[in-house]
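K.L.:
Below: sequence and its predicted model.
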Amino acid sequence: MALLTPLEAEALALSLRVGLVSVVISLPFGIAASWLLARCRFPGKGLVSGAVHLPLVLPPVVVGYVLLLLFGRRGPIGAFLYDSFGITVAFTWKGAALASAVMAFPLMVRAMQLSLEGVDQRLEAAARTLGAGRWRVFVTVTVPLMAPGILVGIILGFARSVGEFGATITFVSNIPGETRTLPLALYTLTQAPGSDWPAARLAIISVVLALIALWASDIAARRLDKRLRGQS
Amino acid sequence: MIEVDIEKRLGAFTLAARFTAPAQGITALFGRSGAGKTTLVNAFAGLLRPERGRIALGGTVLFDAARGIDLPPERRRLGYVFQEGRLFPHYSVRGNLTYGQRSGPPRDPALSFDAVVARFGLAALLDRRPGDLSGGEKQRVAIGRALLADPQLVLMDEPLAALDQPRKAEILPFIERLRDLGIPIVYVTHAMEEIVRLADTLVLLSEGRVAAVGTVEELTGRLDLRPLTGRYEAGAVIRTSVAGHDAAFGLTELAFPGGSLRVPRLDLPPGAAVRVRVRARDVVLALAPPAGLSIRNSFAGRVIEIAPDRGPVIDLTLDIGTAPAPVILWARITARALADLGLKPGSPVYALVKTVAIDRSSYGRRDAAPEPFAESELS
């Protein structure tokens, strides 16, 4: 007897896929944004910071609606993507990943910005005097030293993506097998009478998934921390 | 040749430094904290951009504001040993050492990985991580790391300041080993002891300006520079060589033009070049050659200059050398003694120096040491 019903397995797999893809596509942008906010001074920095953090304070439905306007088949970006590459984002799992990425972005940037601000720039200067150019310093000194923040950003981003509801349902709707992730499946069940137990099972799966993510990040963080304190 | 002529404003502080110094041996930047030493070295390394001016090393222009030249730090080929070591915590000692290594064999076989590891005693540390090292070990790794990047010159910013006295004594011989490789060093310090021990050329910095440049012997012999070279610790530095040992009494005789100085035994071969600092307050003056005194070192000379000091204590400089080669010594006596002895510039005097006043912090060995010049050899 399988541990999960086919519906549960489908929702779980979809959630994991959406979570992973959203983290992977937003990670480079997240690092770039955290660099911009932690290290650079330029006019309009407050606006950039505000834009990055906006999804944190906006109602998710608004974010989903804006995404729909921009990325819908007739939206400026959506039309371009479809005409040039034949990619449809709205009402597909790719759109769910995009919505999750946007919603998770501020959390991710926040964590990475904080750890980047804690990176000792004197170590970067030392690396420069040893003949390393800016890019090599970034890859060999800055990124390893901000690794705990990157890790936290990934975990937070992933957890937020897996739990995303409002923007997702607004942008890509609730299509079984395509955009019906765990929270959407749970919501659907709570709308149907007599589905208390299946709903509870989905809730338990969500809790277990969250616990595994926390546990994994805790172990990784402890290892990294020891490494960064320069101990064997 | 090291050529520096730069201006840099940092808040209310302005560095306006201009000097040239030979690019060989150890050039010490000496001054109080806040004199601009670190700012100057950072500008040299390319970590700070001066508002105007020029920095060149051996004909290579590193920075020239007028011509728009500003080589990035990674292209200046300068090693930099920082006060706090700045080892990368996420690499092992080996990873730190190889970080700046260039591909291909080094110019000098003495700069190969194995040679540097042997020279600085790093073999046992290679697999350790920086967090597990003592302060002294960290600085040795930092020196090795800078050296393995095959630098044209090594900058050292108070590499001993963060260490306690025993650790300092542990590192000093390794800095001498670095000097003996023939790579020029710019060494920042505010400790006269390190200057006497290490420096060839002295650049005196005061409030962001270069007050004087010259050899250590020259500058420490100048009365007008006393406020900068340190008043209480004031003293002349004399160039000597080991003339012989007195095994029976455990003494070493250090010869200089015009005399010889007996000091507690030094474990050095005859002929070894040694620099000695004689503090002004350890010199006694007499009008006649002394008799019946315990002091063994007595030098005939004459007064050169009497500092225009007001107060109970007066510094004066004496020449105790022979005619073409003056040897400057300082004496600090009371104004009362000066009046009683009736000393004037040109007056003949005898300068007496207690042997035991010359301690281990008074020496610097000038020629390449085959073995590190360990503190134990000096005591």
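P.N.:
Great, that's in hand. A quick note: this is a predicted structure, and the numbers were derived from the prediction, not measured. Residues are numbered from 1 along each chain as shown, chains lettered A, B, ... in the order given.
K.L.:
what about the helices in chain A?
P.N.:
A:6-39, A:45-57, A:60-71, A:76-85, A:93-117, A:121-129, A:134-137, A:143-145, A:147-163, A:166-172, A:182-191, A:196-228 (DSSP state H).
K.L.:
ditto for chain B
P.N.:
Under DSSP H, chain B gives helices at B:37-45, B:93-98, B:113-119, B:135-148, B:165-180, B:192-198, B:216-220, B:226-229, B:335-341.
K.L.:
Identify whichever of the helices of chain A lies nearest to B:Leu10.
P.N.:
B:Leu10 lies closest, by C-beta to C-beta, to one member of the helices of chain A: helix A:121-129, at 15.9 Å. All C-beta spots, glycine's among them, are computed from the backbone N, C-alpha and C.
K.L.:
Any residue of that closest one touching chain B?
P.N.:
Yes: contact between helix A:121-129 and chain B, assessed by C-beta under 8 Å from any C-beta of the partner chain, occurs at A:122-123, A:125-129.
K.L.:
Only the buried members of these: can you turn that into a ChimeraX selection?
P.N.:
The ChimeraX command for the buried members of these (criterion: 16 or more other C-beta atoms under 10 Å in any protein chain shown) is given here:
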select /A:123,125,126,127,128,129
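K.L.:
In TSV: the residues of helix A:121-129 next to chain B, plus distance to B:Val188 and pLDDT.
P.N.:
Below are those laid out as TSV (distance: C-beta to C-beta, whole Å; pLDDT from 0 to 100):
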residue	distance to B:Val188	pLDDT
A:Arg122	16	95
A:Leu123	20	96
A:Ala125	16	95
A:Ala126	16	96
A:Ala127	21	96
A:Arg128	19	95
A:Thr129	15	95
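K.L.:
still on that earlier bit, CSV for the helices of chain A, including distance to B:Ile183?
P.N.:
CSV is the format used below for the helices of chain A (distance: least, C-beta to C-beta, whole Å):
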stretch, distance to B:Ile183
helix A:6-39, 34
helix A:45-57, 44
helix A:60-71, 60
helix A:76-85, 57
helix A:93-117, 35
helix A:121-129, 15
helix A:134-137, 24
helix A:143-145, 30
helix A:147-163, 35
helix A:166-172, 61
helix A:182-191, 64
helix A:196-228, 32
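K.L.:
For A:Arg223, the count of nearby residues, please.
P.N.:
12 (other C-beta atoms under 10 Å in any protein chain shown).
K.L.:
so who does it touch?
P.N.:
A:Arg223 sits next to no residue when contact means C-beta atoms under 8 Å, 6 or more residues apart in numbering or on different chains.
K.L.:
Could you give the number of residues near the residue in the stretch 151-300 of chain B that chain A sits nearest to?
P.N.:
With C-beta to the nearest C-beta, the shortest gap between the stretch 151-300 of chain B and chain A falls at B:Leu155, namely 8.0 Å. Here the number of neighbours of B:Leu155 (other C-beta under 10 Å) works out to 25.
K.L.:
need the contact list for it.
P.N.:
Per C-beta under 8 Å, 6+ apart, neighbours of B:Leu155: B:41, B:44-45, B:78-81, B:185-186, B:188.
K.L.:
Now that we have these, which of them are buried?
P.N.:
B:41, B:44-45, B:78-81, B:185-186, B:188.
K.L.:
Can you give me the first-to-last residue distance of stretch A:76-94?
P.N.:
17 Å (C-alpha to C-alpha, to the nearest Å).
K.L.:
residues of it that come out buried?
P.N.:
Going by 16+ other C-beta under 10 Å, stretch A:76-94 has these buried residues: A:78, A:81-82, A:89-91, A:93-94.
K.L.:
what does that stretch rub up against?
P.N.:
With contacts defined as C-beta under 8 Å, 6+ apart, stretch A:76-94 is touched by A:14, A:17-18, A:21, A:68, A:70-73, A:75, A:95, A:98, A:171-173, A:175, A:178-179.
K.L.:
So among the residues you listed, which ones count as buried?
P.N.:
A:14, A:18, A:21, A:68, A:70-72, A:75, A:95, A:98, A:171-173, A:178-179.
K.L.:
Low-confidence ranges, the chain, go.
P.N.:
This is for chain A. Chain A contains residues with pLDDT under 70 at A:1-2, A:230-232.
K.L.:
was after chain B, sorry
P.N.:
Ranges of chain B meeting pLDDT under 70: B:231-232, B:366-379.
K.L.:
try it again with 80
P.N.:
Counting by pLDDT under 80, the ranges of chain B that qualify are B:103-107, B:221, B:223, B:226-234, B:309-310, B:323-325, B:359-361, B:364-379.
K.L.:
Specify the residue ranges that define each domain of it.
P.N.:
B:2-220, B:235-240+B:275-365 (automatic domain parsing).
K.L.:
Could you identify which of those is most buried?
P.N.:
domain B:2-220 (a mean of 19; mean count of other C-beta atoms under 10 Å in any protein chain shown).
K.L.:
what about it, start to end distance?
P.N.:
22 Å.
K.L.:
And that domain, how far out from the chain middle?
P.N.:
Here the centre of mass of C-alpha atoms in domain B:2-220, compared against the chain's by C-alpha atoms, centre = their mean, to the nearest Å, lies 13 Å away.
K.L.:
What of stretch A:205-222?
P.N.:
15 Å.
K.L.:
can I get the CA coordinates of that stretch in PDB?
P.N.:
Extracted in PDB, the C-alpha atoms of stretch A:205-222 (Å, rounded to 0.1, in the frame of the first residue of the first chain):
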ATOM      1  CA  ILE A 205       2.500  16.300   4.700                       C
ATOM      2  CA  SER A 206       3.100  20.100   4.700                       C
ATOM      3  CA  VAL A 207       4.300  20.000   8.300                       C
ATOM      4  CA  VAL A 208       6.700  17.100   7.700                       C
ATOM      5  CA  LEU A 209       8.100  18.900   4.600                       C
ATOM      6  CA  ALA A 210       8.700  22.100   6.600                       C
ATOM      7  CA  LEU A 211      10.300  20.100   9.400                       C
ATOM      8  CA  ILE A 212      12.700  18.300   7.000                       C
ATOM      9  CA  ALA A 213      13.700  21.700   5.500                       C
ATOM     10  CA  LEU A 214      14.400  23.200   8.900                       C
ATOM     11  CA  TRP A 215      16.400  20.100  10.100                       C
ATOM     12  CA  ALA A 216      18.500  20.100   6.900                       C
ATOM     13  CA  SER A 217      19.200  23.800   7.100                       C
ATOM     14  CA  ASP A 218      20.100  23.500  10.800                       C
ATOM     15  CA  ILE A 219      22.700  20.800  10.100                       C
ATOM     16  CA  ALA A 220      24.200  22.600   7.100                       C
ATOM     17  CA  ALA A 221      24.300  25.900   9.100                       C
ATOM     18  CA  ARG A 222      26.200  24.300  11.900                       C
END
